[in-house]
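Student: Mind folding the following:
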Amino acid sequence: MKKRFLQATALLGLLMLAVSCQDPLAPDPVSGEQASSNNGKMTIRASIEQRSPESKTVIQGLNIYWSEGDKIRVYNSDNPDGVVFTRKSGTGNTADFEGDIISGSGPYYIVYPADAAGSLSGSRVAFNVSSSQAYVSNSFALGSSIAAGYSATLEDIKLRNVGGVLKFSLSGDATIKKINVYTRGSERLCGAAGIDIPSSGDPTLVFDSGQDASYLRCVTLDCGAGVSISGGNDFYVSLPAGAFAASGFYLEAVDSQGNAMLKYSSSAADENTINRSHIRSMSTLTYNPQYRAAFLLPESVEAGGFTGVEKDETCNTCCSYVRGVGQYAYTIGAETQTFRIQDWTSGFALVLAMPRAITPGSKANVTVTASGETGGIASGSAEMRVLKKMGHRVWLANGSTGFIMFVEE
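Tutor: Presented below is the predicted three-dimensional model:
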(Lines give C-alpha, C1' and ligand atoms only; values in the text may rest on other atoms or scores of the structure.)
Protein backbone atom coordinates (compact mmCIF):
# COMPACT_ATOMS: atom_id res chain seq x y z
CA MET A 1 0.00 0.00 0.00
CA LYS A 2 1.00 3.59 -0.56
CA LYS A 3 0.59 6.00 2.30
CA ARG A 4 0.03 9.67 1.60
CA PHE A 5 0.11 12.57 3.98
CA LEU A 6 -2.46 15.33 3.86
CA GLN A 7 -2.22 18.65 5.64
CA ALA A 8 -5.01 18.97 8.17
CA THR A 9 -6.35 22.08 6.47
CA ALA A 10 -6.85 20.13 3.21
CA LEU A 11 -8.01 16.87 4.74
CA LEU A 12 -11.69 17.73 5.08
CA GLY A 13 -12.00 18.91 1.49
CA LEU A 14 -10.29 15.83 0.17
CA LEU A 15 -12.53 13.56 2.17
CA MET A 16 -15.60 15.33 0.83
CA LEU A 17 -14.23 14.95 -2.69
CA ALA A 18 -13.67 11.25 -2.12
CA VAL A 19 -17.29 10.84 -1.07
CA SER A 20 -18.74 12.74 -4.00
CA CYS A 21 -16.53 11.35 -6.81
CA GLN A 22 -15.97 7.95 -8.33
CA ASP A 23 -12.86 6.74 -10.12
CA PRO A 24 -13.80 6.70 -13.83
CA LEU A 25 -10.81 4.50 -14.68
CA ALA A 26 -11.71 1.62 -12.42
CA PRO A 27 -13.68 -1.11 -14.26
CA ASP A 28 -16.70 -2.78 -12.74
CA PRO A 29 -15.83 -5.87 -10.73
CA VAL A 30 -16.52 -9.22 -12.38
CA SER A 31 -18.98 -11.42 -10.53
CA GLY A 32 -18.52 -15.13 -9.96
CA GLU A 33 -21.06 -15.93 -12.70
CA GLN A 34 -19.14 -13.86 -15.26
CA ALA A 35 -15.73 -15.13 -14.20
CA SER A 36 -15.98 -18.56 -15.85
CA SER A 37 -15.66 -16.94 -19.28
CA ASN A 38 -12.69 -14.82 -18.20
CA ASN A 39 -9.98 -17.53 -18.42
CA GLY A 40 -10.90 -18.93 -15.02
CA LYS A 41 -10.29 -15.63 -13.27
CA MET A 42 -12.56 -13.33 -11.31
CA THR A 43 -12.25 -9.72 -10.20
CA ILE A 44 -13.36 -8.33 -6.87
CA ARG A 45 -13.30 -4.80 -5.49
CA ALA A 46 -11.95 -3.97 -2.03
CA SER A 47 -11.61 -0.75 -0.07
CA ILE A 48 -9.34 -0.06 2.87
CA GLU A 49 -10.19 1.96 5.96
CA GLN A 50 -8.28 5.21 6.45
CA ARG A 51 -6.34 5.89 9.61
CA SER A 52 -7.20 8.90 11.71
CA PRO A 53 -5.20 11.21 14.02
CA GLU A 54 -5.76 10.63 17.73
CA SER A 55 -6.03 14.26 18.75
CA LYS A 56 -6.07 17.80 17.43
CA THR A 57 -2.37 18.09 18.26
CA VAL A 58 -1.60 15.78 15.34
CA ILE A 59 -1.35 18.06 12.32
CA GLN A 60 -1.17 15.32 9.69
CA GLY A 61 -3.42 12.39 8.94
CA LEU A 62 -2.14 9.24 7.27
CA ASN A 63 -4.20 7.85 4.41
CA ILE A 64 -3.68 4.34 3.10
CA TYR A 65 -3.86 3.78 -0.65
CA TRP A 66 -3.64 0.52 -2.54
CA SER A 67 -0.38 0.13 -4.45
CA GLU A 68 0.81 -1.93 -7.40
CA GLY A 69 1.69 -5.43 -6.25
CA ASP A 70 -0.64 -5.42 -3.25
CA LYS A 71 -2.23 -8.81 -2.60
CA ILE A 72 -5.14 -9.91 -0.44
CA ARG A 73 -6.15 -13.45 0.53
CA VAL A 74 -9.80 -14.51 0.38
CA TYR A 75 -11.19 -17.41 2.42
CA ASN A 76 -14.42 -19.39 2.69
CA SER A 77 -15.29 -22.86 3.94
CA ASP A 78 -14.33 -24.43 0.59
CA ASN A 79 -10.97 -22.64 0.59
CA PRO A 80 -9.52 -22.79 4.12
CA ASP A 81 -6.04 -21.95 2.77
CA GLY A 82 -7.39 -18.96 0.91
CA VAL A 83 -7.12 -17.70 -2.67
CA VAL A 84 -4.68 -14.88 -3.45
CA PHE A 85 -5.93 -11.85 -5.38
CA THR A 86 -3.52 -9.26 -6.83
CA ARG A 87 -4.31 -5.59 -7.38
CA LYS A 88 -5.30 -5.10 -11.00
CA SER A 89 -6.48 -1.49 -11.26
CA GLY A 90 -7.97 1.41 -9.36
CA THR A 91 -6.66 4.33 -7.39
CA GLY A 92 -6.99 5.64 -3.84
CA ASN A 93 -8.29 3.40 -1.10
CA THR A 94 -10.47 1.32 -3.48
CA ALA A 95 -9.04 -1.06 -6.08
CA ASP A 96 -9.93 -4.13 -8.13
CA PHE A 97 -8.13 -7.42 -7.46
CA GLU A 98 -7.89 -10.44 -9.77
CA GLY A 99 -7.52 -14.07 -8.76
CA ASP A 100 -8.74 -17.60 -9.47
CA ILE A 101 -12.45 -18.30 -9.22
CA ILE A 102 -13.41 -19.09 -5.63
CA SER A 103 -15.43 -22.29 -5.35
CA GLY A 104 -18.31 -22.48 -2.88
CA SER A 105 -20.34 -19.74 -1.30
CA GLY A 106 -19.92 -17.19 1.48
CA PRO A 107 -19.33 -16.01 4.06
CA TYR A 108 -15.90 -14.80 2.99
CA TYR A 109 -12.99 -13.62 5.10
CA ILE A 110 -10.36 -11.34 3.57
CA VAL A 111 -6.88 -10.56 4.96
CA TYR A 112 -4.06 -8.20 3.97
CA PRO A 113 -1.17 -8.78 3.41
CA ALA A 114 -1.68 -12.14 1.74
CA ASP A 115 1.81 -13.55 2.31
CA ALA A 116 1.58 -13.39 6.12
CA ALA A 117 -1.83 -15.09 6.36
CA GLY A 118 -2.28 -18.80 7.11
CA SER A 119 -5.34 -21.04 7.23
CA LEU A 120 -8.96 -20.29 8.17
CA SER A 121 -10.55 -21.96 11.21
CA GLY A 122 -14.09 -20.83 11.92
CA SER A 123 -13.86 -17.05 11.64
CA ARG A 124 -10.17 -16.85 12.61
CA VAL A 125 -7.31 -16.64 10.11
CA ALA A 126 -3.83 -17.65 11.27
CA PHE A 127 -1.35 -14.83 10.82
CA ASN A 128 2.36 -14.24 11.44
CA VAL A 129 3.24 -10.74 12.62
CA SER A 130 6.74 -9.84 11.43
CA SER A 131 9.40 -8.68 13.89
CA SER A 132 10.97 -6.41 11.25
CA GLN A 133 9.67 -3.54 9.14
CA ALA A 134 11.51 -1.57 6.47
CA TYR A 135 11.88 2.18 6.82
CA VAL A 136 9.91 4.24 4.31
CA SER A 137 10.28 8.01 4.11
CA ASN A 138 7.27 9.76 5.66
CA SER A 139 5.34 6.50 5.84
CA PHE A 140 5.37 2.88 6.95
CA ALA A 141 6.45 -0.22 5.03
CA LEU A 142 4.47 -2.02 2.37
CA GLY A 143 2.53 -4.85 3.99
CA SER A 144 3.20 -3.77 7.59
CA SER A 145 -0.32 -2.36 8.05
CA ILE A 146 -2.50 -5.42 8.72
CA ALA A 147 -6.16 -5.29 7.66
CA ALA A 148 -9.06 -7.75 7.48
CA GLY A 149 -12.71 -7.85 6.50
CA TYR A 150 -15.89 -9.92 6.16
CA SER A 151 -18.20 -10.19 3.16
CA ALA A 152 -21.30 -12.27 2.58
CA THR A 153 -21.19 -12.04 -1.22
CA LEU A 154 -17.81 -10.59 -2.28
CA GLU A 155 -19.64 -7.66 -3.83
CA ASP A 156 -18.78 -5.08 -1.20
CA ILE A 157 -15.47 -5.81 0.53
CA LYS A 158 -14.36 -3.35 3.18
CA LEU A 159 -11.11 -4.05 5.01
CA ARG A 160 -10.55 -2.58 8.44
CA ASN A 161 -7.21 -1.93 10.13
CA VAL A 162 -6.15 -4.43 12.78
CA GLY A 163 -3.49 -2.31 14.46
CA GLY A 164 -2.26 1.25 14.80
CA VAL A 165 0.88 3.29 14.15
CA LEU A 166 3.54 4.72 16.45
CA LYS A 167 5.04 7.93 15.06
CA PHE A 168 8.15 9.58 16.49
CA SER A 169 10.73 12.07 15.28
CA LEU A 170 14.51 12.16 15.71
CA SER A 171 16.92 15.02 15.13
CA GLY A 172 20.66 15.28 15.62
CA ASP A 173 24.04 14.76 14.02
CA ALA A 174 23.79 11.07 13.15
CA THR A 175 22.74 8.49 10.59
CA ILE A 176 20.25 5.98 12.02
CA LYS A 177 20.60 2.34 10.97
CA LYS A 178 17.75 0.81 12.94
CA ILE A 179 15.22 1.53 15.65
CA ASN A 180 14.02 -1.10 18.10
CA VAL A 181 10.64 -0.68 19.79
CA TYR A 182 10.34 -2.67 23.04
CA THR A 183 7.41 -3.11 25.37
CA ARG A 184 8.17 -2.63 29.06
CA GLY A 185 5.35 -4.99 29.95
CA SER A 186 4.36 -8.47 28.80
CA GLU A 187 2.56 -7.51 25.59
CA ARG A 188 3.55 -9.41 22.47
CA LEU A 189 4.48 -7.35 19.42
CA CYS A 190 5.23 -10.07 16.86
CA GLY A 191 5.05 -13.80 16.18
CA ALA A 192 2.31 -16.37 15.60
CA ALA A 193 -1.21 -15.04 15.99
CA GLY A 194 -4.75 -15.19 14.62
CA ILE A 195 -7.12 -12.53 13.29
CA ASP A 196 -10.70 -12.88 14.48
CA ILE A 197 -13.03 -11.48 11.78
CA PRO A 198 -16.63 -10.91 12.91
CA SER A 199 -19.56 -10.41 10.52
CA SER A 200 -19.86 -6.88 11.89
CA GLY A 201 -17.48 -4.74 13.90
CA ASP A 202 -13.70 -4.60 14.03
CA PRO A 203 -11.27 -7.49 13.45
CA THR A 204 -8.94 -8.26 16.35
CA LEU A 205 -5.47 -9.79 16.54
CA VAL A 206 -4.89 -12.49 19.17
CA PHE A 207 -1.39 -13.86 19.73
CA ASP A 208 -1.02 -17.62 20.18
CA SER A 209 -0.50 -18.74 23.77
CA GLY A 210 2.61 -20.48 25.05
CA GLN A 211 5.09 -18.10 23.41
CA ASP A 212 6.73 -15.68 25.82
CA ALA A 213 10.29 -15.24 24.55
CA SER A 214 11.80 -11.76 25.00
CA TYR A 215 12.36 -11.27 21.27
CA LEU A 216 8.60 -11.43 20.71
CA ARG A 217 8.30 -8.16 22.64
CA CYS A 218 10.38 -6.17 20.15
CA VAL A 219 9.79 -4.81 16.64
CA THR A 220 12.70 -3.48 14.58
CA LEU A 221 12.47 -0.69 12.02
CA ASP A 222 15.28 -1.46 9.56
CA CYS A 223 16.66 1.73 8.01
CA GLY A 224 18.83 -0.05 5.45
CA ALA A 225 21.93 1.95 4.53
CA GLY A 226 20.94 4.56 7.10
CA VAL A 227 18.74 7.63 7.46
CA SER A 228 20.23 11.04 8.21
CA ILE A 229 18.45 12.96 10.97
CA SER A 230 20.47 16.17 10.65
CA GLY A 231 17.36 18.09 9.63
CA GLY A 232 14.96 15.98 11.68
CA ASN A 233 13.18 12.89 10.43
CA ASP A 234 9.89 11.12 11.13
CA PHE A 235 9.67 7.38 11.71
CA TYR A 236 6.55 5.18 11.62
CA VAL A 237 6.10 1.68 13.06
CA SER A 238 2.92 -0.38 12.65
CA LEU A 239 1.97 -2.15 15.87
CA PRO A 240 -0.83 -4.38 17.19
CA ALA A 241 -3.77 -2.62 18.80
CA GLY A 242 -3.47 -2.63 22.58
CA ALA A 243 0.34 -2.69 22.59
CA PHE A 244 1.97 -1.03 25.61
CA ALA A 245 -1.26 -0.91 27.59
CA ALA A 246 0.40 -2.19 30.76
CA SER A 247 3.70 -0.44 31.37
CA GLY A 248 4.60 1.62 28.33
CA PHE A 249 7.47 1.13 25.93
CA TYR A 250 10.97 2.25 25.06
CA LEU A 251 12.79 3.09 21.84
CA GLU A 252 16.37 2.20 21.02
CA ALA A 253 17.91 4.13 18.12
CA VAL A 254 21.17 2.67 16.77
CA ASP A 255 23.41 4.81 14.55
CA SER A 256 25.86 3.90 11.77
CA GLN A 257 28.78 4.03 14.23
CA GLY A 258 27.31 1.33 16.47
CA ASN A 259 26.24 3.76 19.20
CA ALA A 260 22.74 3.84 20.61
CA MET A 261 20.25 5.90 22.59
CA LEU A 262 17.27 4.81 24.67
CA LYS A 263 14.09 6.75 25.34
CA TYR A 264 11.46 5.51 27.80
CA SER A 265 7.80 6.40 27.61
CA SER A 266 5.59 7.25 30.53
CA SER A 267 4.12 4.24 32.31
CA ALA A 268 0.60 5.71 32.10
CA ALA A 269 -1.50 3.33 30.03
CA ASP A 270 -3.68 6.04 28.47
CA GLU A 271 -0.57 7.80 27.13
CA ASN A 272 0.93 4.72 25.52
CA THR A 273 -1.81 2.42 24.27
CA ILE A 274 -1.82 1.82 20.52
CA ASN A 275 -5.43 2.16 19.37
CA ARG A 276 -6.80 0.42 16.31
CA SER A 277 -6.66 2.59 13.17
CA HIS A 278 -5.08 5.51 15.03
CA ILE A 279 -1.67 7.18 15.05
CA ARG A 280 0.11 7.52 18.39
CA SER A 281 2.35 10.55 17.87
CA MET A 282 5.31 11.17 20.17
CA SER A 283 7.26 14.40 20.65
CA THR A 284 10.52 15.06 18.79
CA LEU A 285 13.60 13.47 20.36
CA THR A 286 17.15 14.79 20.15
CA TYR A 287 19.51 11.93 19.41
CA ASN A 288 22.24 11.73 22.04
CA PRO A 289 24.14 8.40 22.02
CA GLN A 290 24.45 6.82 25.46
CA TYR A 291 26.33 3.55 24.93
CA ARG A 292 27.65 1.03 22.46
CA ALA A 293 24.83 -1.02 20.99
CA ALA A 294 26.79 -4.24 20.54
CA PHE A 295 28.83 -6.37 22.91
CA LEU A 296 30.34 -9.31 21.06
CA LEU A 297 30.51 -12.71 22.69
CA PRO A 298 32.34 -15.44 20.78
CA GLU A 299 30.56 -17.02 17.86
CA SER A 300 31.38 -20.49 19.22
CA VAL A 301 31.49 -21.14 22.96
CA GLU A 302 32.94 -23.85 25.14
CA ALA A 303 32.25 -24.75 28.74
CA GLY A 304 34.77 -25.07 31.50
CA GLY A 305 36.79 -23.05 33.98
CA PHE A 306 34.87 -22.26 37.13
CA THR A 307 34.23 -25.07 39.59
CA GLY A 308 30.66 -26.31 39.51
CA VAL A 309 29.71 -24.52 36.30
CA GLU A 310 28.07 -26.65 33.65
CA LYS A 311 27.33 -25.68 30.08
CA ASP A 312 23.72 -24.71 29.53
CA GLU A 313 23.13 -22.72 26.36
CA THR A 314 19.66 -21.69 27.48
CA CYS A 315 21.20 -19.93 30.53
CA ASN A 316 18.36 -21.23 32.66
CA THR A 317 20.72 -22.65 35.28
CA CYS A 318 24.32 -21.60 34.67
CA CYS A 319 26.73 -21.26 31.81
CA SER A 320 30.24 -20.18 30.89
CA TYR A 321 31.90 -18.73 27.82
CA VAL A 322 35.57 -19.25 27.00
CA ARG A 323 37.29 -17.03 24.44
CA GLY A 324 41.04 -16.81 24.02
CA VAL A 325 42.42 -15.63 27.34
CA GLY A 326 39.12 -14.71 29.00
CA GLN A 327 36.18 -16.46 30.56
CA TYR A 328 32.64 -15.41 31.45
CA ALA A 329 30.41 -17.44 33.71
CA TYR A 330 26.84 -16.98 34.89
CA THR A 331 24.87 -18.56 37.71
CA ILE A 332 21.39 -18.08 39.12
CA GLY A 333 20.46 -18.13 42.77
CA ALA A 334 17.10 -17.88 44.52
CA GLU A 335 17.20 -14.07 44.71
CA THR A 336 20.24 -13.04 42.70
CA GLN A 337 22.02 -13.64 39.44
CA THR A 338 25.79 -13.56 39.27
CA PHE A 339 28.20 -12.91 36.44
CA ARG A 340 31.91 -13.72 36.67
CA ILE A 341 34.58 -12.34 34.35
CA GLN A 342 38.19 -13.49 34.40
CA ASP A 343 41.17 -12.62 32.21
CA TRP A 344 43.90 -15.23 32.35
CA THR A 345 46.67 -12.95 31.05
CA SER A 346 46.35 -9.81 33.17
CA GLY A 347 44.99 -11.73 36.11
CA PHE A 348 41.96 -9.55 36.83
CA ALA A 349 38.65 -10.99 37.95
CA LEU A 350 35.23 -9.45 38.47
CA VAL A 351 32.14 -10.85 40.14
CA LEU A 352 28.89 -8.94 39.56
CA ALA A 353 25.74 -9.84 41.50
CA MET A 354 22.33 -8.21 41.10
CA PRO A 355 18.66 -9.02 41.79
CA ARG A 356 17.18 -11.80 39.75
CA ALA A 357 14.14 -9.70 38.80
CA ILE A 358 14.96 -6.56 36.83
CA THR A 359 12.85 -4.09 34.85
CA PRO A 360 14.11 -1.89 31.98
CA GLY A 361 14.04 1.76 32.96
CA SER A 362 14.34 0.97 36.66
CA LYS A 363 17.40 0.83 38.89
CA ALA A 364 19.02 -2.24 40.41
CA ASN A 365 21.64 -2.59 43.12
CA VAL A 366 24.76 -4.25 41.69
CA THR A 367 27.56 -5.61 43.86
CA VAL A 368 31.03 -5.75 42.30
CA THR A 369 33.88 -7.82 43.71
CA ALA A 370 37.17 -7.12 41.94
CA SER A 371 40.69 -8.49 42.15
CA GLY A 372 43.83 -7.99 40.09
CA GLU A 373 44.42 -5.25 37.51
CA THR A 374 40.85 -4.34 36.66
CA GLY A 375 41.50 -1.00 34.98
CA GLY A 376 40.14 1.10 37.83
CA ILE A 377 37.08 -1.00 38.65
CA ALA A 378 36.94 -1.34 42.44
CA SER A 379 34.95 -3.55 44.76
CA GLY A 380 31.75 -2.07 46.04
CA SER A 381 28.02 -1.73 45.55
CA ALA A 382 26.29 0.71 43.22
CA GLU A 383 22.79 1.46 42.01
CA MET A 384 22.81 1.10 38.24
CA ARG A 385 20.12 1.90 35.70
CA VAL A 386 18.82 -1.01 33.65
CA LEU A 387 18.99 0.27 30.07
CA LYS A 388 17.41 -2.67 28.30
CA LYS A 389 16.87 -6.41 28.52
CA MET A 390 16.74 -8.70 25.53
CA GLY A 391 16.81 -12.46 25.60
CA HIS A 392 19.57 -13.55 27.98
CA ARG A 393 21.34 -10.19 28.06
CA VAL A 394 20.96 -7.01 30.03
CA TRP A 395 22.56 -3.58 29.62
CA LEU A 396 23.42 -1.52 32.70
CA ALA A 397 24.66 2.05 33.11
CA ASN A 398 26.31 3.65 36.13
CA GLY A 399 26.43 7.41 35.66
CA SER A 400 29.21 8.56 33.38
CA THR A 401 31.26 5.36 33.68
CA GLY A 402 29.56 3.75 30.71
CA PHE A 403 27.75 0.46 30.60
CA ILE A 404 28.22 -3.19 31.45
CA MET A 405 26.53 -5.99 29.56
CA PHE A 406 26.17 -9.46 30.97
CA VAL A 407 24.16 -12.64 30.57
CA GLU A 408 20.95 -12.89 32.57
CA GLU A 409 18.10 -15.33 33.12
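
Student: now the strands for the stretch 51-200 of the chain?
Tutor: Along the stretch 51-200 of the chain, the stretches classed as strands by DSSP state E, counting those that start in this stretch are 52-53, 60-65, 71-76, 79-89, 94-100, 108-112, 117-121, 124-129, 132-134, 147-151, 157-161, 163-171, 175-183, 191-196.

Student: Turn those into CSV, including mean pLDDT, distance to Arg276 and mean neighbour count.
Tutor: The way it works is simple: take the backbone N, C-alpha and C, and place the C-beta from them, glycine included. Putting these into CSV (pLDDT from 0 to 100; distance: least, Cβ to Cβ, whole Å; neighbours: other Cβ atoms under 10 Å) gives the following:
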stretch, mean pLDDT, distance to Arg276, mean neighbour count
strand 52-53, 51, 10, 16
strand 60-65, 58, 13, 20
strand 71-76, 96, 19, 23
strand 79-89, 95, 23, 17
strand 94-100, 94, 21, 20
strand 108-112, 97, 15, 26
strand 117-121, 96, 18, 19
strand 124-129, 96, 14, 20
strand 132-134, 94, 18, 17
strand 147-151, 96, 10, 22
strand 157-161, 93, 6, 20
strand 163-171, 92, 6, 21
strand 175-183, 92, 17, 21
strand 191-196, 96, 12, 19
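
Student: Pipe these into a markdown table and attach distance to Ala334 per row.
Tutor: Output for the strands of the stretch 51-200 of the chain, formatted as a markdown table (distance: least, Cβ to Cβ, whole Å):
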| stretch | distance to Ala334 |
| --- | --- |
| strand 52-53 | 50 |
| strand 60-65 | 50 |
| strand 71-76 | 50 |
| strand 79-89 | 49 |
| strand 94-100 | 58 |
| strand 108-112 | 47 |
| strand 117-121 | 42 |
| strand 124-129 | 36 |
| strand 132-134 | 37 |
| strand 147-151 | 46 |
| strand 157-161 | 46 |
| strand 163-171 | 38 |
| strand 175-183 | 27 |
| strand 191-196 | 31 |
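
Student: Nearest to Lys41, out of those strands?
Tutor: Of all the strands of the stretch 51-200 of the chain, strand 94-100 sits nearest to Lys41, with 5.5 Å by Cβ to Cβ.

Student: strand partners of that closest one, parallel vs antiparallel please.
Tutor: Strand 94-100 pairs in its sheet with strand 41-48 (antiparallel), strand 79-89 (antiparallel), by DSSP bridges.

Student: Not counting the last one itself, show me its contacts.
Tutor: Strand 79-89 is touched from outside by 25-27, 43-44, 66-75, 95-100, 102-104, 111, 114, 117, 119-121, 125, with contacts defined as Cβ atoms under 8 Å, 6 or more residues apart in numbering.

Student: picking up where we left off before, which one of the strands of the stretch 51-200 of the chain lies closest to Leu396?
Tutor: Comparing those by Cβ to Cβ, strand 175-183 comes nearest, at 15.9 Å.

Student: Packing partners of the helix or strand containing Thr367?
Tutor: Thr367 is part of strand 363-371, with elements assigned from DSSP states H and E. Under the contact definition 3 or more Cβ pairs under 8 Å, 6 or more residues apart in numbering; DSSP states H and E, strand 363-371 sits against strand 349-355, strand 380-390.

Student: Quick one, which of those gets closest to Thr153.
Tutor: strand 380-390 (47.5 Å).

Student: could you give the angle of that closest one to strand 363-371?
Tutor: Strand 380-390 runs at 120 degrees relative to strand 363-371, counting by axes from the mean of the first three to the mean of the last three Cα atoms, to 10 degrees.

Student: what about stretch 135-150, how long is it end to end?
Tutor: Taking Cα to Cα, to the nearest Å as the measure, stretch 135-150 stretches 30 Å from start to finish.

Student: residues of that stretch that come out buried?
Tutor: 135-136, 139-150 (16 or more other Cβ atoms under 10 Å).

Student: Stretch 210-228 now?
Tutor: By 16+ other Cβ under 10 Å, the buried positions in stretch 210-228 come out as 216-221, 223, 227.

Student: Tabulate the residues you listed in TSV, adding columns for distance to Thr175, pLDDT and secondary structure.
Tutor: Listed next are the buried residues of stretch 210-228 as TSV, based on distance: Cβ to Cβ, whole Å; pLDDT from 0 to 100; DSSP: H, G, I helix; E, B strand; the rest coil:
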residue	distance to Thr175	pLDDT	secondary structure
Leu216	29	85	helix
Arg217	27	85	helix
Cys218	22	88	strand
Val219	21	93	strand
Thr220	17	93	strand
Leu221	14	96	strand
Cys223	8	96	strand
Val227	7	96	strand
